[in-house]
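Trainee: need a 3D model of the following:
(one chain, ligands or ions: 1)
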Amino acid sequence: MVYLVNQIKPRTALKNIEPYTPGKPIWELQQELNLDKVIKLASNENPFGPSPKGVEAISSELAELNRYPDADTVALKEAIAKSLSVKKEQIIVTNGADELITLISEAFLEKEDEIIVPSPSFSEYDFGAQIMGATIVPVPLEEGFQFNVQKIVDAITEQTKLLYLCSPNNPTGTYLSKTELDQLLQAVPNNVLVVFDGAYSHYATADDYTNGIEYVRAGKPILVLQTFSKIYGLAGIRVGFGIAPQSIIQSILKVKEPFNVNSLAQAAATAAIMDAEHVEKSREGNSAGREQLYQAFQNLNLDYIKTESNFILVKFGPNAEKIYHDLLAKGVILRYGKTWGLPEYVRVSIGTEEENLYFIESLTSILVNE
Ligand SMILES: *Cc1c(COP(=O)(O)O)cnc(C)c1O
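Mentor: From the prediction side, this is the model:
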């Protein structure tokens, strides 16, 4: 039997979707180049490992894997509510924060709607708009990748439905101050949902930083997104959550699959959010790594953007792509900036002291031989 060529047309909205480019996994580079030592500073993962309490909590769940997970993630929501002083009803737990962005898009975006994204930023916001056929309105960040509140407000139209604010922003590491967020929230009309992505909030050290949760507590129409993939070190098991006024959470729950967060993930996250020791250790290690890399970039005469996060955007210049590939050949995986329209930049995740050192030495030897 001969089949005809596939005549089944996907939705037209899918035409604009570019596949996500993840950081290269360690095993892949090891196999490709037959390297012993590979370090990955490409996906902003926690280099100090997962929360030990989270890992321990998983093992006690293993014998119950025949059961479906709790569809309502009650224990985890209680832990989050307690830890962040919000109500259980103001929380939705998802299969990574990526899923939450998709669910927000499905719950709120009509075809004629617009989303505003200070850019460059996290590509999942655009993805969510694209699957719904909505329009993306990028607002370029200013000099030094700073936010400009007035330009963001000026971009709001009758069609604006969502306004994404990633702070600290991925991939730039820059942030919105509390004063700026206050100004923005005052100016944004009530029919626009502000999505504040605080994936890296635990790493921020600036005095005037806010993680946005105080605004949810005050009843503002803002959704704060958080993840267990970064400081808690649980990227592999996929848990994220959103905090917002109850009515917003209820709309998003309508499009959520019942068993979206598996039982191991729920157990690990419930323990990890209480693991203050691991969070503190990770934060301190990150702050030390920041200084180590700043110093190295200064010594190498490379411009970089000061970060409030666990990664640094650094300018390699016109040869950035070549240097990025030379580093790969030495077993150092970074993220090349071209996907963000920044062909002269790379984003380096802050690693352990030893990883940072290996990266610095590799980079130095490449630049010396140029
Ligand atoms: C990593 C990241 C997330 C969360 O990712 P998940 O692993 O899906 O929880 C959300 N926003 C930004 C900006 C990120 O960098």
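
Trainee: might one say that residue 246 is in contact with residue 89?
Mentor: Yes. Using Cβ atoms under 8 Å, residue 246 is in contact with residue 89, at 4.6 Å. Glycine gets a C-beta too; all of them are placed from N, C-alpha and C.

Trainee: can you give me the neighbour number for residue 261?
Mentor: Burial of residue 261 is recorded as 25 neighbouring residues (other Cβ atoms under 10 Å).

Trainee: could you do residue 276 as well?
Mentor: Using other Cβ under 10 Å, residue 276 has 11 neighbouring residues.

Trainee: quick one, phi psi at whichever residue of the stretch 1-150 of the chain sits closest to the ligand?
Mentor: Of all residues in the stretch 1-150 of the chain, residue 96 sits closest to the ligand, at 2.8 Å by Cβ to the nearest ligand atom. With angles defined as degrees, to the nearest 10, residue 96 sits at phi 80, psi 160.

Trainee: ok, it - contacts?
Mentor: By Cβ atoms under 8 Å, 6 or more residues apart in numbering, the residues touching residue 96 are 227, 229, 238, 239, 240.

Trainee: out of those, who's near the ligand?
Mentor: Counting by Cβ under 6 Å from any ligand atom, 227, 229, 240 from the contacts of residue 96 sit close to the ligand.

Trainee: for the stretch 1-150 of the chain, what lies in contact range of the ligand?
Mentor: Residues of the stretch 1-150 of the chain lying near the ligand (Cβ under 6 Å from any ligand atom): 44, 96, 97, 98, 122.

Trainee: name the SS class of the spatially closest residue to the last one that is not a sequence neighbour, please.
Mentor: In space, residue 122 comes closest to residue 170 once its chain neighbours are excluded; the distance is 5.0 Å by Cβ to Cβ, 6 or more residues apart in numbering. The local conformation at residue 170, judged by DSSP: H, G, I helix; E, B strand; the rest coil, is coil.

Trainee: separation between residue 170 and residue 46?
Mentor: 15 Å (Cβ to Cβ, to the nearest Å).

Trainee: any idea of the mean pLDDT in stretch 314-323?
Mentor: Average pLDDT, stretch 314-323: 98.

Trainee: what distance separates the opening and closing residues of it?
Mentor: Its start and end residues considered, stretch 314-323 measures 12 Å (Cα to Cα, to the nearest Å).

Trainee: returning to that earlier point: how about the contacts of residue 96, which pair is most distant?
Mentor: Farthest apart among the contacts of residue 96 by Cβ to Cβ are 227 and 238. That separation is 9.2 Å.

Trainee: compare those two (neighbour count), which wins?
Mentor: Applying other Cβ under 10 Å to residue 227 and residue 238 shows that residue 227 carries more neighbours, namely 24 against 21.

Trainee: quick one, what contacts that one?
Mentor: Residue 227 neighbours (Cβ under 8 Å, 6+ apart): 96, 97, 199, 239, 240, 241.

Trainee: beta partners of it?
Mentor: Beta bridges link residue 227 to residue 240 when assigned by DSSP bridges.

Trainee: I'd like the distance between it and residue 187.
Mentor: Distance check for residue 227 against residue 187: by Cβ to Cβ, it reads 28 Å.
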